[in-house]
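S.K.: Any chance you could fold what I've pasted below:
(one chain, ligands or ions: 2)
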Amino acid sequence: MAAQLFDTKKTKERVILTAIENQKNSQNFDYAIEEFKNLAVADNLEVVDVLTQKYDRPNAATYFGKGKVEELKELVNAKEARLVISNDDLTATQIRNLEKMIASDVRVVDRTGLILDIFAARAKTKIAKLQVRLAQKQYQLPRLHTSLANELDQQAGAGGASFTSRGSGETKLELNRRTIEEQISQIKTELKSLLSSSTVQRKRRDNSGLKRVALVGYTNAGKSTWMNRIVERYSQIGNDSEEKKVFEKDMLFATLDSTVRSIRLPNKRQFLLSDTVGFISNLPHNLVASFQSTLEEASNSDLLVQIVDVSDPHYRDMLTTTSKTLRQIGAEQIPMVTIFNKADKAKLSYPERSGEDLIASALDKKSLEAFIDLLNKKLFADLKKVELLIPFDQGSVLSELIENNQVLHQEYNDKGTKIVLELSEAKIKQYQRFVNI
Ligand SMILES: Nc1nc2c(ncn2[C@@H]2O[C@H](COP(=O)(O)OP(=O)(O)OP(=O)(O)O)[C@@H](O)[C@H]2O)c(=O)[nH]1
Ligand SMILES: [Mg+2]
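M.R.: Ligands and ions are numbered 1, 2, ... in the order given. Now for the predicted structure:
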């Protein structure tokens with residue numbers, strides 16, 4: 001990847017981006033190009049030009065039409081680019097043909113390859129690194145062709161081939177196919193053993209019965225920042241909240257793994273909050289396991305909190321991308337509130353509530369309170385007020401109830417302690433025998 005290969009050289013790979021505008025994407029085409037450019041920049045590449053063509057169906061052999069490929073070739077020479085990236089996925093044939101027609105030392109890759117490259121640079125934990133490597137291998141396999149095979153000859157056994165690296169080894173396409181297949185099965189085995197001993201599993205098996213809230217939304221919207229502000233203020237264990245913080249940074253895909261934290265509000269209501277990987281259009285989510293766990297996290301929630309950067313002129317497109325992704329993963333039925341974040345930057349007044357929405361800034365204390373207020377209303381709407389009578393010999397039940405719930409009223413009679421509190425249906429069932437009727 002760019003980061004691996006060029007960090008030492010301190011030069012950026014010069015790249016030309018290419019895209020086809022068709023009936024389907026023409027409405028948001030400008031935005032699609034901007035998003036594409038941002039991805040390239042996130043991969044430490046220097047975009048020297050963008051070449052587009054209006055075309056309803058990409059050419060099966062060369063993606064672009066013949067004339068356009070000529071134009072691309074001239075542009076590559078004029079701008080001294082060594083890399084061409086297509087906004088659509090390319091087949092092995094298209095890659096091979098384009099590389100042949102442009103120049104032998106120019107690499108052609110596609111958007112999915114680019115996203116995987118960014119992921120490879122961002123992955124920090126051993127599991128995340130292996131997951132991305134697995135995705136890269138699975139992605140390479142059907143796209144294997146001679147020049148990639150050369151590269152793999154040199155890289156076999158190393159930490160995963162990046163598309164900006166080049167080799168000049170002997171071509172052994174079949175051998176390389178088998179090598180990749182073996183690497184895939186090795187990575188899978190390694191991942192399996194790592195995952196079985198990791199906390200990821202423990203989290204999945206969580207049966208605390210606590211409600212789950214997932215922060216979702218477009219990449220760089222401020223999800224991790226909200227997570228950290230909430231953890232700082234309301235984390236279960238106050239003192240080590242520093243340790244519980246997640247990585248927040250002004251970059252695409254700062255977060256690659258989902259993280260779950262237990263939150264306890266001053267009114268004793270508790271829930272699990274998860275920070276997830278950011279969305280972007282045409283996300284290769286079936287490829288990357290870290291996405292799958294994120295998406296699982298989102299689709300197993302009781303409430304989604306969508307964060308959107310309202311200071312971005314394209315925030316409406318970002319909302320559309322998020323709803324499309326949620327639909328794809330079958331999470332569109334889960335109740336959702338939307339935080340129009342970075343209101344400070346957008347110079348809007350905040351915090352301001354409108355129905356299920358909140359205009360807010362993650363940097364503002366009042367916004368945090370408004371957010372918690374909204375959460376309280378949405379997440380705990382199913383709580384019912386009940387009166388329980390706890391006999392005196394059931395002291396531990398009473399203390400557990402007091403510890404975990406806000407007690408609205410408490411008094412004693414000759415049979416035991418009478419308390420009034422709000423409980424979920426499930427909890428009412430659990431304490432059915434104490435319900436005072
Ligand atoms: N001005 C301003 N900046 C914010 C606000 N919320 C977040 N940021 C900044 O936005 C950048 C991105 O924040 P993150 O929390 O990392 O965003 P994310 O949604 O987790 O991004 P990914 O993990 O990359 O998908 C950081 O530099 C934050 O400091 C806000 O309300 N106002
Ligand atoms: Mg994040």
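S.K.: quick one: contacts for the residue nearest to K124 when sequence neighbours are not counted?
M.R.: Excluding its sequence neighbours, the residue lying closest to K124 (Cβ to Cβ, 6 or more residues apart in numbering) is L256, at 7.4 Å. To be clear about C-beta, it is placed using only N, CA and C from the backbone, and glycine gets the same treatment. L256 makes contact with 119, 122-124, 128, 132, 277, 290, according to Cβ atoms under 8 Å, 6 or more residues apart in numbering.
S.K.: Can you say which of the residues you listed are buried?
M.R.: 119, 122-123, 128, 132, 277, 290 (16 or more other Cβ atoms under 10 Å).
S.K.: if we take these, which one ends up nearest to ligand 1?
M.R.: Checking those against ligand 1 by Cβ to the nearest ligand atom gives V277 as the nearest, at 6.4 Å.
S.K.: What pLDDT is listed against whatever residue of the stretch 251-400 of the chain ends up closest to ligand 1?
M.R.: Of all residues in the stretch 251-400 of the chain, G278 sits closest to ligand 1, at 2.4 Å by Cβ to the nearest ligand atom. We note a pLDDT of 89 for G278 in this prediction.
S.K.: Could you report the neighbour count for it?
M.R.: Look at G278: counted by other Cβ atoms under 10 Å, it has 26 neighbours.
S.K.: what's the closest non-adjacent residue to it?
M.R.: Closest to G278 by Cβ to Cβ, 6+ apart is T219, at 2.7 Å.
S.K.: What residue in the stretch 251-400 of the chain comes nearest to ligand 2?
M.R.: In the stretch 251-400 of the chain, the residue that lies nearest ligand 2 is T255 (3.0 Å; Cβ to the ion).
S.K.: repeat for the stretch 51-200 of the chain
M.R.: Closest point on the stretch 51-200 of the chain to ligand 2, by Cβ to the ion, is R122, at 10.5 Å.
S.K.: show me the contacts for that residue.
M.R.: 253-254, 256.
S.K.: which one among the residues you listed gets closest to G209?
M.R.: The closest of these to G209 turns out to be L256 (Cβ to Cβ; 28.9 Å).
S.K.: Please report phi then psi for the closest residue to P142 other than its chain neighbours.
M.R.: Leaving aside its sequence neighbours, P142 sits nearest to A92 (Cβ to Cβ, 6+ apart; 6.4 Å). Backbone dihedrals for A92, given as degrees, to the nearest 10, come out at phi -60, psi -40.
S.K.: can you check the one 4 residues further on too?
M.R.: Here the main-chain torsion angles of R96 (degrees, to the nearest 10) amount to phi -60, psi -50.
S.K.: Could you do V308 as well?
M.R.: Torsion angles, degrees, to the nearest 10, at V308: phi -130, psi 140.
S.K.: how about the CA coordinates for stretch 54-64, as PDB?
M.R.: Provided in PDB are the C-alpha atoms of stretch 54-64 (Å, rounded to 0.1, in the frame of the first residue of the first chain):
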ATOM      1  CA  LYS A  54     -20.700   9.100 -20.000                       C
ATOM      2  CA  TYR A  55     -21.500   5.500 -20.900                       C
ATOM      3  CA  ASP A  56     -24.400   3.300 -20.000                       C
ATOM      4  CA  ARG A  57     -22.600   0.100 -19.900                       C
ATOM      5  CA  PRO A  58     -18.900  -0.300 -19.300                       C
ATOM      6  CA  ASN A  59     -17.000  -2.100 -22.000                       C
ATOM      7  CA  ALA A  60     -16.600  -5.700 -21.000                       C
ATOM      8  CA  ALA A  61     -13.000  -5.900 -22.300                       C
ATOM      9  CA  THR A  62     -11.600  -2.500 -21.500                       C
ATOM     10  CA  TYR A  63     -14.100  -0.700 -19.200                       C
ATOM     11  CA  PHE A  64     -13.800   2.500 -21.100                       C
END
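S.K.: give me the number of residues near the nearest residue to P351 once chain neighbours are set aside?
M.R.: Using Cβ to Cβ, 6+ apart and skipping residues adjacent in sequence, the residue nearest P351 is A370, 3.8 Å away. A370 is flanked by 19 other residues according to other Cβ under 10 Å.
S.K.: for R107, same thing?
M.R.: Considering only other Cβ under 10 Å, R107 is surrounded by 23 other residues.
S.K.: What residues does the closest residue to it other than its chain neighbours make contact with?
M.R.: The shortest distance from R107 to any non-neighbouring residue, by Cβ to Cβ, 6+ apart, is to L83 (5.3 Å). The contact partners of L83, taken as Cβ under 8 Å, 6+ apart, are 13-16, 45, 106-109, 163-164.
S.K.: Tell me the bridge partners for L83.
M.R.: When assigned by DSSP bridges, L83 has beta-bridge partners V15, R107.
S.K.: Could I get the pLDDT score of it?
M.R.: In this prediction, L83 carries a pLDDT score of 95.
S.K.: quick one, helices of the stretch 151-300 of the chain?
M.R.: 173-196, 199-204, 223-234, 289-299 (DSSP state H, counting those that start in this stretch).
S.K.: one step back: ok, so of the contacts of L83, who is nearest Y350?
M.R.: L45 (35.6 Å).
S.K.: list the contacts for the closest residue to that closest one other than its chain neighbours?
M.R.: Excluding the flanking residues, the one nearest L45 by Cβ to Cβ, 6+ apart is V15, at 4.5 Å. Applying Cβ under 8 Å, 6+ apart to V15 gives the contacts 40, 45-48, 81-85.
S.K.: Next, format those as CSV and append distance to A61.
M.R.: Listed next are the contacts of V15 as CSV, based on distance: Cβ to Cβ, whole Å:
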residue, distance to A61
A40, 25
L45, 26
E46, 29
V47, 26
V48, 26
A81, 22
R82, 23
L83, 21
V84, 16
I85, 19
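S.K.: Which of those residues fall within helices?
M.R.: When the contacts of V15 are checked against helices (DSSP state H), the matches are A40.
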